[in-house]
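Participant: need the 3D shape of this:
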Amino acid sequence: MADSQHNSSEEIWKEIPGFPGYEVSDRGQVRSFKGRSPGGYKAASWELKSSPQRILKQRINKGYFKVALSMEGRLFNISTHRLVLLAFIGPCPPEMEACHDDGDRTNNCLCNLRWDTKKSNWGDRHNHGTATLGEKNGLSKLTPKQVVRIRELYSDGFSQEHIGELFSVSQNTVHNIIYRKTWSHIP
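Facilitator: Modelled structure (predicted):
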């Protein structure tokens with residue numbers, strides 16, 4: 001297993017630190033160098049080969065591609081974007097997380113990934129329109145029109161408790177809407 005860096009149009013592969021026998025590419029693919037020993041059909045009969053044996057299948061979990069890697073008889077399901085960053089950039093610095101520059105959780109090309117702060121990642125979600133705000137939040141009970149109406153009713157002198165009863169939400173929810181702690185993206 002060696003870094004293959006010939007020209008910029010070729011896929012570049014690097015070993016995944018901590019997972020012997022696996023490599024990840026700058027395009028977000030993962031391959032294994034593990035193959036069965038001659039005559040072996042049990043889990044313990046795997047051995048490292050000198051050439052790649054296969055590209056691993058990736059599954060989507062919560063919008064992210066994940067891949068299963070085995071080490072010392074244990075299986076680890078790891079996000080592909082984290083493996084790309086780990087191999088090409090290095091370990092995740094403290095207080096940082098993996099970020100996708102274009103907002104597409106399935107685009108795991110190195111040029112689209114970076115380690116950055118949670119705040120910066122949240123800002124990206126706003127910029128890309130992928131943030132689960134307001135009606136995009138699966139737990140939301142209100143629509144943008146109702147939020148505007150809640151603010152209007154409060155301006156007209158209705159109490160937060162009464163507005164909450166009208167919309168079947170708590171007084172605290174009404175308070176957070178009025179003072180823009182929630183639904184702040186609605187004018």
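Participant: most distant residue from the middle of the chain?
Facilitator: residue 157 (43.6 Å; C-alpha atoms, centre = their mean).
Participant: so that one versus residue 165, what's the distance?
Facilitator: For residue 157, the distance to residue 165 equals 15 Å [C-beta to C-beta, to the nearest Å]. For glycine as for every other residue, the C-beta is placed from the backbone atoms N, C-alpha and C.
Participant: off-centre distance for stretch 170-186?
Facilitator: 28 Å (C-alpha atoms, centre = their mean, to the nearest Å).
Participant: I misspoke; the intended subject was stretch 102-114.
Facilitator: Stretch 102-114 sits 10 Å away from the centroid of its parent chain (C-alpha atoms, centre = their mean).
Participant: where is the longest strand in the protein?
Facilitator: Of all segments of type strand in the chain, defined using DSSP state E, the longest is strand 64-71.
Participant: name the helices or strands packed onto that strand?
Facilitator: Counting contacts by 3 or more C-beta pairs under 8 Å, 6 or more residues apart in numbering; DSSP states H and E, strand 64-71 is packed against strand 59-61, strand 74-79, helix 80-88.
Participant: of those, flag the one that's most buried.
Facilitator: Greatest average neighbour count among these goes to helix 80-88 (a mean of 22), per mean count of other C-beta atoms under 10 Å.
Participant: helices or strands up against it?
Facilitator: Packing partners of helix 80-88 (3+ C-beta pairs under 8 Å, 6+ apart): strand 13-15, strand 22-25, strand 64-71, strand 96-100, strand 113-117.
Participant: pick the most deeply packed of the ones you listed.
Facilitator: Highest mean neighbour count of the helices and strands packed on helix 80-88: strand 22-25, a mean of 25 (counted as mean count of other C-beta under 10 Å).
Participant: now for that strand, which elements pack on it?
Facilitator: Counting by 3+ C-beta pairs under 8 Å, 6+ apart, strand 22-25 packs on strand 13-15, strand 30-32, helix 80-88.
Participant: residue 152: which of those is closest?
Facilitator: Between residue 152 and the helices and strands packed on strand 22-25, the shortest gap by C-beta to C-beta is with helix 80-88, which sits at 43.3 Å.
Participant: now do that closest one, average pLDDT.
Facilitator: Averaging pLDDT along helix 80-88 gives 97.
Participant: alpha carbons only: can I get it in CSV?
Facilitator: Taking C-alpha atoms only, helix 80-88 is exported to CSV below (Å, rounded to 0.1, in the frame of the first residue of the first chain):
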residue,chain,number,x,y,z
THR,A,80,-16.5,8.7,5.1
HIS,A,81,-15.9,12.4,5.4
ARG,A,82,-14.1,12.0,8.7
LEU,A,83,-11.9,9.3,7.2
VAL,A,84,-10.9,11.5,4.2
LEU,A,85,-10.0,14.4,6.6
LEU,A,86,-8.1,12.0,9.0
ALA,A,87,-6.0,10.5,6.2
PHE,A,88,-5.3,13.7,4.2
